[in-house]
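Chemist: From the sequence below, what's the structure:
(chains A and B)
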Amino acid sequence: MARIIAGVASSHVPAIGAAIDNKQTEEPYWKRVFSGFEKSKEWMEKTKPDVAIVVYNDHASAFSVEMVPTFALGCAAEFPPADEGWGPRPVPVVQGHPELASHIAQSVILDEFDLTICNKMEVDHGLTVPMNLLFGSPEEWPCPVIPLAVNVVLYPPPTGHRCYMLGKAIRKAVESYPEDLRVVIFGTGGMSHQISGPRAGLINSKFDKAFLDNLTKDPKKLTRISHLEFMREAGAEGIEMVMWLIMRGALDDKVEETYRFYTVPASNTAVGHIILEPKRRAAGKTQRAAGKARTAGKRPVSKRPTKMKRAAARTKTFVRRSK
Amino acid sequence: MARKNTARKEKDYDDIPGTIVFDAERSRQGFGINMFCMSLMKDENREAFKANEAEYLKRFNLTPEQEAAILKRDYNRMLELGGNIYFTAKLGATDGHSFRHLAAVMTGSTQEDYAAMMLAGGRSAEGNRSKTGRKTKSMLIASAKAKAGKQKSSKTKSSKSKPKSRSKARSNRG
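Modeler: As a prediction, this is how the structure comes out:
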C-alpha cells in the first residue's frame, strides 16, 4: 500500500528561483531566506520519499486565459520546465509517476472531484522553486513528481474547504494504490502577499502566523476562511494559501509540526514554510514497538485503521448505496 | 467600454482598497490584453512588438482604452480593463523591467521606497482593509486572540465539529 508520510508547505516566490539560478544565495538578503530551508533539506534527505505530489499554481505559463482548469493533475511521464519569458529555468526535467497519477485521477474523479487530466504539461516556478528549496539543486530530481495545478489566478479559486476535502480524496486514492510507496505531499504558494494594484506590498504576519499555528491545531478552522478574508487580510495573491489545505487534508487529522520557518520579505512576499508529520510516526519508541507487536507477521505499514480510513470506508458505502 | 464598466455589478471584494480582483467578468473583458501579453513569451513576437507597438497591438482586438493603457504602460489601468498581473508582468519583462519596478509603478512609489517598505515588513493591513471604512473581521485572527490560553475548549469544539462536516460532505454526494 502506498501512503502519505508527510506534508510540506512552502512559498514559491519566483525571485527565489532567480536567486538560485543567478547564484545569489549567499548574498545577505537571500541568505536569510535560504538558511531557513537548510534543516528542511536535511529532513528531506533523510525522509527520501518515493514520490512527491506537488500542489502548485501555474502563472500564465502552461495555461493562458484560453483554458483555466480549477484542478489539473499531471499524468505525463515528464514535465519540462516552462519558458517564463527569460528562457526555461536551468533545472532538471521533472519526472512524473504516470501510474500513480492516473490511479489518483481515477479514484478522486469517482469520488466526485472533477479533475482535468494533463498528459502534456510544462511546469513553472510555482512547482520548481519549492523543489529547489527542499531538494536543493541536484543534477536530477531525487524522486518522481505528480504535479497538481490549482487555479488561483482567475477568481474564484476553489474554496479552502473544497481543497481540504480534495486532499482527503487524494489520500484515499494513494492508500488504495497497491505498491508500497512513501509519498510526500507539497502545498505551495503564499503566504501573505499582493503583487497587483496600488495595495501591492501588503504583508500580514499576524494572519500568516495564525494560519501556520492552525495547520496543526485546527485545520478545519482554516477551511472556513472566506475568499474575501484571504484577499482582505493576506493580499489578493495571498489566496494561494488554499493550496496548503489540499496538503493538509491529505494528512492525518492529528499531525505534529516537525519544522517551521517564516521570514519577510522575499521580493514582494512573506515566505512561510512548514513540515508536518503524522503523530504516530513521531511517537515514542514504546508505542511504535507496540504497533509492531500488534501487526506481527503482517506488513509493517498497516497499523490501526485511522479515523480517516473509517470515514473513507463509510463514504464509500454511502456512494455505493446512492447509486 | 466605459458603459460596460459602470454596468459591472458591485462585488464584495470591490471594497478592498487598491485591489483589482481578476474575476471571470474581467477575464472576458481583458482577454485581448492577456493574450497580447502571452504572445510576448516568443522572441519573434517581442521583436515585432518593439518594432511597431501600435501596429502589433492591432492583432489582438483591443478597445482604444486598452490600447492606450498598454502603450502608456499604465499597469493599474490595464488591470482595471481586464489585464492580469501574471500576464502584464510579461510586458514588463519585455521592457526589461523587474517585478519590483512594476510594483513600484503600480503603488505610485519609487523602486527604492518600495524595496525599503518591503524590507521593513511590507505594507500593513491596518487601514488597508476597506474602502468604506466598514468594520471588517478576520475570523482567523479574531478567534486566535479569543482562544489564546483556552486551548482545551478549542479542542472539544473541533472534535464536535467533525461529525458535522462529515455528514455535510455526505449530503453533498447524495
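
Chemist: just checking, residue B:102 touches residue B:75?
Modeler: Yes: using C-beta atoms under 8 Å, residue B:102 makes contact with residue B:75 at a distance of 5.9 Å. Where you see a C-beta, it was placed from the backbone N, CA and C, and this is true even at glycine.

Chemist: shared neighbours, the two?
Modeler: Taking C-beta atoms under 8 Å, 6 or more residues apart in numbering or on different chains as the criterion, residue B:102 and residue B:75 both touch B:88, B:92.

Chemist: mind checking how far residue B:47 is from residue B:53?
Modeler: 12 Å (C-beta to C-beta, to the nearest Å).

Chemist: Walking through the stretch 151-300 of chain A, point out its helices one by one.
Modeler: Counting by DSSP state H, counting those that start in this stretch, the stretch 151-300 of chain A has helices at residues A:160-175, A:205-217, A:219-222, A:227-234, A:242-249, A:279-282, A:285-294.

Chemist: which residues touch the residue nearest to the spatial centre of chain B?
Modeler: Taking C-alpha atoms, centre = their mean, the centroid of chain B lies closest to residue B:21, which sits 4.7 Å from it. By C-beta under 8 Å, 6+ apart, the residues touching residue B:21 are A:155, A:231, A:236, B:11, B:13-14.

Chemist: Let me see the contact set for the closest residue to residue A:120 other than its chain neighbours.
Modeler: Nearest residue to residue A:120, sequence neighbours excluded (C-beta to C-beta, 6 or more residues apart in numbering or on different chains): residue A:76, at 5.7 Å. With contact set as C-beta under 8 Å, 6+ apart, residue A:76 has these partners: A:96, A:98, A:118-121.

Chemist: got a winner among those residues for most neighbours?
Modeler: residue A:121 (24 neighbours; other C-beta atoms under 10 Å in any protein chain shown).

Chemist: how about that one, phi and psi?
Modeler: phi -160, psi 140 (degrees, to the nearest 10).

Chemist: try residue A:71
Modeler: phi -130, psi 120.

Chemist: List only buried entries from the contacts of residue B:21.
Modeler: With neighbours counted by 16 or more other C-beta atoms under 10 Å in any protein chain shown, the contacts of residue B:21 contain buried members at A:155, A:231, A:236, B:13.

Chemist: For residue A:62, state which of these is nearest.
Modeler: When these are compared for distance to residue A:62 (C-beta to C-beta), residue A:155 wins out at 19.2 Å.

Chemist: Please name the bridge partners of that closest one.
Modeler: Judged by DSSP bridges, the bridge partners of residue A:155 are residue B:23.

Chemist: so what's it up against?
Modeler: A:227, A:239, B:13, B:21-24.

Chemist: same thing but 7 Å
Modeler: B:21-23 (C-beta atoms under 7 Å, 6 or more residues apart in numbering or on different chains).

Chemist: with those in mind, which one is nearest to residue B:124?
Modeler: residue B:21 (20.5 Å).

Chemist: Which of the three states applies to the closest one?
Modeler: coil (DSSP: H, G, I helix; E, B strand; the rest coil).

Chemist: Quick check: the gap between it and residue B:37.
Modeler: For residue B:21, the distance to residue B:37 - C-beta to C-beta - is 18 Å.

Chemist: I'd like to know which elements the helix or strand encompassing residue B:33 is packed against.
Modeler: Residue B:33 is located in helix B:31-39, with elements delineated by DSSP states H and E. Counting contacts by 3 or more C-beta pairs under 7 Å, 6 or more residues apart in numbering or on different chains; DSSP states H and E, helix B:31-39 packs against helix B:64-72, helix B:85-94.

Chemist: Pick the most buried one from those.
Modeler: helix B:85-94 (a mean of 23; mean count of other C-beta atoms under 10 Å in any protein chain shown).

Chemist: Could I have the CA atoms of whichever helix or strand comes after that helix written out in CSV?
Modeler: Heading C-terminal from helix B:85-94, the first helix or strand you meet, by DSSP H and E, is helix B:99-106. Only the C-alpha atoms of helix B:99-106 are listed here, as CSV (Å, rounded to 0.1, in the frame of the first residue of the first chain):
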residue,chain,number,x,y,z
PHE,B,99,8.8,42.8,-10.8
ARG,B,100,9.8,45.3,-8.2
HIS,B,101,9.8,48.0,-10.9
LEU,B,102,6.2,47.1,-11.8
ALA,B,103,5.1,47.0,-8.1
ALA,B,104,6.7,50.5,-7.6
VAL,B,105,4.8,51.8,-10.6
MET,B,106,1.5,50.4,-9.5
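
Chemist: Can you give me the buried ones in helix B:99-106?
Modeler: In helix B:99-106, counting by 16+ other C-beta under 10 Å, buried: B:99-106.

Chemist: which of the residues you listed are close to chain A?
Modeler: Within the set of the buried residues of helix B:99-106, contact with chain A (C-beta under 7 Å from any C-beta of the partner chain) is found for B:99-100, B:103, B:106.

Chemist: Take those residues and write them to TSV, including pLDDT.
Modeler: Output for those, formatted as TSV (pLDDT from 0 to 100):
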residue	pLDDT
B:99	85
B:100	85
B:103	96
B:106	98
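
Chemist: roughly how far apart are the residue nearest to the centre of chain B and residue B:122?
Modeler: 20 Å.

Chemist: same deal with residue A:75?
Modeler: Counting by C-beta to C-beta - residue A:75 and residue B:122 are separated by 38 Å.

Chemist: got it, and residue A:53?
Modeler: 31 Å.

Chemist: Tell me where chain B has helices.
Modeler: For chain B, helices defined by DSSP state H occupy the ranges B:2-7, B:24-29, B:31-39, B:43-51, B:53-57, B:64-72, B:75-80, B:85-94, B:99-106, B:111-119, B:139-146, B:151-173.

Chemist: thinking again about what came up before, what's the closest of the helices and strands packed on helix B:31-39 to residue A:265?
Modeler: helix B:85-94 (17.0 Å).

Chemist: For chain A, which of the helices and strands packed on helix B:31-39 is the nearest?
Modeler: helix B:85-94 (3.8 Å; C-beta to the nearest C-beta).

Chemist: Looking at that closest one now, give me its mean pLDDT.
Modeler: On average, the pLDDT along helix B:85-94 is 95.

Chemist: Repeat that for stretch A:277-293.
Modeler: Mean predicted lDDT for stretch A:277-293 stands at 56.

Chemist: So what's the residue count around residue B:136?
Modeler: Neighbours of residue B:136 (other C-beta under 10 Å): 15.

Chemist: nearest spatial neighbour of it, skipping sequence neighbours?
Modeler: That would be residue B:129: by C-beta to C-beta, 6+ apart, it lies 4.8 Å from residue B:136.

Chemist: looking at it, the one you found is touching residue A:232, isn't it?
Modeler: Yes: with contact defined as C-beta atoms under 7 Å, residue B:129 reaches residue A:232; the gap is 5.2 Å.

Chemist: between the two, which one's more packed in?
Modeler: residue A:232 (27 against 21).

Chemist: sorry, back to before: the more surrounded of residue A:53 and residue B:122?
Modeler: Set side by side, residue A:53 and residue B:122 show more neighbours around residue A:53, with 29 against 23, by other C-beta under 10 Å.

Chemist: isn't that one right next to residue A:146, touching?
Modeler: Yes: if you go by C-beta under 7 Å, residue A:53 and residue A:146 touch, sitting 4.7 Å apart.

Chemist: what does stretch A:247-258 contact?
Modeler: A:4, A:7, A:9, A:43, A:55, A:163-168, A:170-171, A:185-187, A:215-216, A:219, A:274-279, A:282, A:306-308.

Chemist: Restrict these to the buried ones and give me that as a PyMOL selection.
Modeler: Applying 16+ other C-beta under 10 Å to these, the buried members can be selected in PyMOL as follows:
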select buried, chain A and resi 4+7+9+43+55+163+164+165+166+167+168+170+171+185+186+187+215+216+219+274+275+276+277+278+306+308
